[in-house]
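> Predicted structure and sequence below. I'll ask about it afterward.
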Amino acid sequence: MTGLWSLTRRNTKLFFKDKGMFISSLITPLILLVLYVTFLANVYRDGFMSAVAGMNIDVTIIDGTVGGQLISSLLAVCCVTVAFCSNLLMIQDKTSGARADITVSPVKKSTLAISYFLASAFSTVIIGFTALGAGLLYLLKMGWYMSLSDVLLMALDVILLTLFGTALSSCINFPLSTNGQASAVGTIVSAGYGFICGAYMPISNFSGGLQKVISFLPGTYGTSLLRNHALRGVYAEMTDAGFPEEVINSIRDSIDCNIYFFGTKVSEGAMYAVLAGSTALLIGIYVLMNVLKKARKR
Amino acid sequence: MENIIEINHLSKSFGEVKAVSDLTLRVKKGELFAFLGVNGAGKSTTISIICGQLEKDGGEVFVCGENIEKNSREIKKKIGVVFQNSALDSALSVRDNLKSRAALYGITGKNFTKRLSELAELLDFENLLGRTVGKLSGGQRRRIDIARALIHRPQVLILDEPTTGLDPQTRRLLWNVVQSLRKTDNMTVFLTTHYMEEAADADYVIILDSGKISAEGTPLELKNKYTGDFITLYNPTEDALETLGLPYEKIRDAARIAVGNTAQATALITKHPEIFTDYEITKGKMDDVFLSVTGKKLTGGDEK
Ligand SMILES: Nc1ncnc2c1ncn2[C@@H]1O[C@H](COP(=O)(O)OP(=O)(O)OP(=O)(O)O)[C@@H](O)[C@H]1O
Ligand SMILES: [Mg+2]
């Protein structure tokens, strides 16, 4: 394992110093922020208002709900898109020749593979935690209903989703070797993941067929976990304020706190199991890909 | 002398292109080995195979007596490579680059600091340590590439066109460093270059053409075989040149007469002692060898 630590450090440093990779990884979260500021926040606020129309409510609950919705969406996209973009280093090293320069040394291929994984996960966690911190400050201002355990659970979600994103991007980026492929992956993930994880628009708004497809994607459950933890306090507050159970449940349905797999509601435990299980599976595939890959043919 | 690199019947194709075919060569310990050839001759491909970057199609390669297929990690500790295109991380500083590479050889902490300052002094880049590699000039960057290759004190240094695009001063600096390491550490140098004056100092030269060896030997052997000698005759008269009746090239106050070899030159001079009063005999240059070897192939000449 000689060099693992220093390679990981190098990869992480490169991500933060390479403006191309760093900035492109933040594009999706930034788009999301802009969408919220310009109109999404109002759309959600109006939606919640109409759901609780006629009831006597404190406006900060609504603000807290919209805020929780925002930061959970933000974290859900962040963890995956940042992981993908930072893991593009794997491809970039092949095109720049740095991989050749590293592998003329007696370093093991497995050490290099692990260093990409660790660095990508580490960079993503740094950004994810920064975003979480900023998000919590924002909630503190908008309407704070979270407990310490909610915060800790969200941190856990960020870590899990980061590991998932890192494992997925490791498998996808591993066989790629040109700049064109790298930018294609970067663009597709940055543009598409916000949609399919329900950050731009709740999955419950999609057509039935699409919802079924999305319910097969493990990332979906990551988003839902974040939602649940960000909004648990808000729902508790609503119950305390005497909101009827069905109103709260319809809000939960409308913003993906409840996810249905072919009609069956998925429990939180099951969400954890799906996320952790698929991450473990992807890591297994990544390891296998590395083992099976022989020396470069051309 | 011990063979430090031994290649037997190496071949490598990229689809239709036979980059290297049936290449056999020996590099002896401590020698400066020049590997020449026109663009696309297969030099970089051979280097990639020696340092384990590229899989070969056939043949055997031994470095320091070990088969590269069996013991590549041991071999990698012993070779340092300067690639044709710099392969450092352009976004990181010189120090960070060298630090991350040194750690791959287990050189960290104090050992690294010590080695870094040695190399920085040797290659004169103390003032560049904090600079971002991507923002260095070509020559500055090349010095860092060489430091990278030398960081673990390799026994064999492989240089793929290390001096292309460098100013004469930097080239001199690099050569001085390489020559002194050859003396002090008995380091072997495997060099590809397009500068023939660099090849002229080599102990052994191979000229590669389309993946095959088209000429090999010491510079002297090659010069004797592929170029004739030249007699520079000072202040010749027109009459004298006419008497000799040989092809010559007029230069300022002299004529450069081409002769087949030194024996012919001696014969000519002893035959016309009255003409050869002020003269000089020189061998052909490596440039002449290279042109004659590669040029002959191109025109499909009958001599070989
Ligand atoms: N990865 C590759 N894929 C396909 N063809 C390749 C590849 N690498 C090299 N070649 C081909 O193999 C041949 C030898 O290339 P190589 O790079 O070894 O030449 P070279 O002698 O180093 O030339 P130069 O002096 O220009 O550096 C060339 O025809 C080149 O086009
Ligand atoms: Mg080359």
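On my side now, so go ahead. Ligands and ions are numbered 1, 2, ... in the order given.

> Please count neighbours and contacts with C-alpha atoms only from this point.
Noted.

> how about the residues of the stretch 51-200 of chain A that lie near chain B?
A:Ser96, A:Gly97, A:Ala98, A:Ala100, A:Asp101, A:Ile102, A:Thr103, A:Val104, A:Ser105, A:Pro106, A:Val107 (C-alpha under 8 Å from any C-alpha of the partner chain).

> what do you get if the cut-off is 7 Å, keeping everything else the same?
With C-alpha under 7 Å from any C-alpha of the partner chain as the criterion, the stretch 51-200 of chain A comes near chain B at residues A:Ser96, A:Gly97, A:Ala98, A:Ala100, A:Asp101, A:Ile102, A:Val104, A:Ser105, A:Pro106, A:Val107.

> and which of these is nearest B:Phe35?
Ranked by distance to B:Phe35 (C-alpha to C-alpha), those are led by A:Val104 at 20.0 Å.

> which non-adjacent residue is nearest B:Thr24?
Leaving aside its sequence neighbours, B:Thr24 sits nearest to B:Asn8 (C-alpha to C-alpha, 6 or more residues apart in numbering or on different chains; 4.5 Å).

> and that neighbour, that one's in a helix?
No: with the criterion set as DSSP: H, G, I helix; E, B strand; the rest coil, the secondary structure at B:Asn8 is strand rather than a helix.

> ok, it to chain A distance?
Taken as C-alpha to the nearest C-alpha, to the nearest Å, the spacing of B:Asn8 relative to chain A amounts to 20 Å.

> Surely that residue touches B:Arg26?
No: taking contact to mean C-alpha atoms under 7 Å, the distance of 8.7 Å between B:Asn8 and B:Arg26 leaves them out of contact.

> Most neighbours among the residues of the stretch 51-200 of chain A next to chain B, please name it.
Ranked by the number of neighbours (other C-alpha atoms under 10 Å in any protein chain shown), these place A:Ser105 first, at 27 neighbours.

> Check which helix or strand that residue maps to.
Secondary-structure element containing A:Ser105, defined by DSSP states H and E: none, the residue being outside all helices and strands.

> Per-residue confidence at it, what does it come out as?
Per-residue confidence at A:Ser105 stands at 94 (pLDDT).

> Spit out the contact partners of it.
The contact partners of A:Ser105, taken as C-alpha atoms under 7 Å, 6 or more residues apart in numbering or on different chains, are B:Lys76, B:Lys77, B:Leu104, B:Tyr105.

> ok, 10 Å please
Contacts here follow C-alpha atoms under 10 Å, 6 or more residues apart in numbering or on different chains; on that basis A:Ser105 touches B:51-52, B:72-81, B:101-105, B:149, B:152.

> and it, backbone torsions?
For A:Ser105, the backbone dihedrals are phi -90, psi 170 (criterion: degrees, to the nearest 10).

> Tell me the gap between stretch B:251-267 and the middle of its chain.
Relative to its chain's centre, stretch B:251-267 lies at 29 Å (C-alpha atoms, centre = their mean, to the nearest Å).

> which two from the residues of the stretch 51-200 of chain A next to chain B end up farthest apart in space?
Between all members of those, the longest pairwise span (C-alpha to C-alpha) is found for A:Ser96 and A:Pro106 and amounts to 19.7 Å.

> which non-adjacent residue is nearest A:Asn11?
When the adjacent residues along the chain are set aside, A:Asn11 lies closest to A:Ala119, with 5.7 Å between them (C-alpha to C-alpha, 6+ apart).

> How about B:Asp203?
In space, and not counting its chain neighbours, B:Asp203 is closest to B:Leu32: 5.3 Å by C-alpha to C-alpha, 6+ apart.

> overlap in contacts of B:Asn8 and B:Arg26?
Common neighbours of B:Asn8 and B:Arg26 (criterion: C-alpha under 10 Å, 6+ apart): B:Phe62.

> neighbours of A:Phe39, just the number please.
As a measure of burial, A:Phe39 has 11 neighbours, counting by other C-alpha under 10 Å.

> what's near enough to touch it?
Residues counted as contacts of A:Phe39 (C-alpha under 10 Å, 6+ apart) are A:Arg45.

> quick one: B:Gln84 and B:Pro162, what's the gap?
Computed as C-alpha to C-alpha, to the nearest Å, the B:Gln84 to B:Pro162 distance reads 7 Å.

> meant to ask about B:Arg182, not that
The gap separating B:Arg182 from B:Pro162 is 16 Å, by C-alpha to C-alpha.

> Provide a list of residue ranges in the chain with pLDDT below threshold.
Let's take chain A. In the prediction, chain A carries residues with pLDDT under 70 at positions A:1, A:294-298.

> not quite, I wanted chain B
Chain B contains residues with pLDDT under 70 at B:1, B:296-304.

> Enumerate the residues of it near ligand 1.
By the rule C-alpha under 6 Å from any ligand atom, the part of chain B lying against ligand 1 is B:Phe14, B:Ala19, B:Val38, B:Asn39, B:Gly40, B:Ala41, B:Gly42, B:Lys43, B:Ser44, B:Thr45.

> Any chance of a markdown table for those residues, columns secondary structure and neighbour count?
Supplementary listing: these in a markdown table, determined by DSSP: H, G, I helix; E, B strand; the rest coil; neighbours: other C-alpha atoms under 10 Å in any protein chain shown:
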| residue | secondary structure | neighbour count |
| --- | --- | --- |
| B:Phe14 | strand | 11 |
| B:Ala19 | strand | 21 |
| B:Val38 | coil | 15 |
| B:Asn39 | coil | 11 |
| B:Gly40 | coil | 13 |
| B:Ala41 | coil | 20 |
| B:Gly42 | coil | 22 |
| B:Lys43 | helix | 25 |
| B:Ser44 | helix | 19 |
| B:Thr45 | helix | 21 |
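
> which of those come close to chain A?
When those are filtered against chain A using C-alpha under 10 Å from any C-alpha of the partner chain, the residues retained are B:Phe14, B:Thr45.

> Tell me which two in the residues of chain B next to ligand 1 are the farthest apart.
Taking every pair in the residues of chain B next to ligand 1 and measuring C-alpha to C-alpha, the maximum separation is 18.0 Å, between B:Phe14 and B:Val38.

> top helix in the chain by residue count?
You didn't say which chain, so I picked chain A. Ranked by residue count and defined by DSSP state H, the top helix of chain A is helix A:109-142.

> wait, chain B
In chain B, with assignment by DSSP H, the single longest helix is helix B:168-185.

> now for it, which elements pack on it?
strand B:32-37, helix B:109-122, helix B:138-150, strand B:156-160, strand B:188-192 (3 or more C-alpha pairs under 10 Å, 6 or more residues apart in numbering or on different chains; DSSP states H and E).

> Swap in 8 Å and give it another go.
When contacts are defined as 3 or more C-alpha pairs under 8 Å, 6 or more residues apart in numbering or on different chains; DSSP states H and E, helix B:168-185 sits against none of the other helices and strands.

> May I have that helix as PDB, with CA atoms only?
As requested, C-alpha coordinates have been extracted for helix B:168-185 and formatted as PDB (Å, rounded to 0.1, in the frame of the first residue of the first chain):
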ATOM      1  CA  PRO B 168      21.500  25.300 -25.900                       C
ATOM      2  CA  GLN B 169      22.100  26.300 -22.200                       C
ATOM      3  CA  THR B 170      19.400  24.000 -20.800                       C
ATOM      4  CA  ARG B 171      20.600  21.200 -23.100                       C
ATOM      5  CA  ARG B 172      24.100  21.600 -21.800                       C
ATOM      6  CA  LEU B 173      22.800  21.500 -18.200                       C
ATOM      7  CA  LEU B 174      20.900  18.300 -18.800                       C
ATOM      8  CA  TRP B 175      23.800  16.600 -20.400                       C
ATOM      9  CA  ASN B 176      26.200  17.600 -17.700                       C
ATOM     10  CA  VAL B 177      23.800  16.200 -15.100                       C
ATOM     11  CA  VAL B 178      23.400  13.000 -17.100                       C
ATOM     12  CA  GLN B 179      27.100  12.600 -17.700                       C
ATOM     13  CA  SER B 180      28.000  13.200 -14.000                       C
ATOM     14  CA  LEU B 181      25.400  10.600 -12.900                       C
ATOM     15  CA  ARG B 182      26.900   8.100 -15.300                       C
ATOM     16  CA  LYS B 183      30.300   8.700 -13.700                       C
ATOM     17  CA  THR B 184      29.300   8.800 -10.100                       C
ATOM     18  CA  ASP B 185      26.500   6.200 -10.000                       C
END
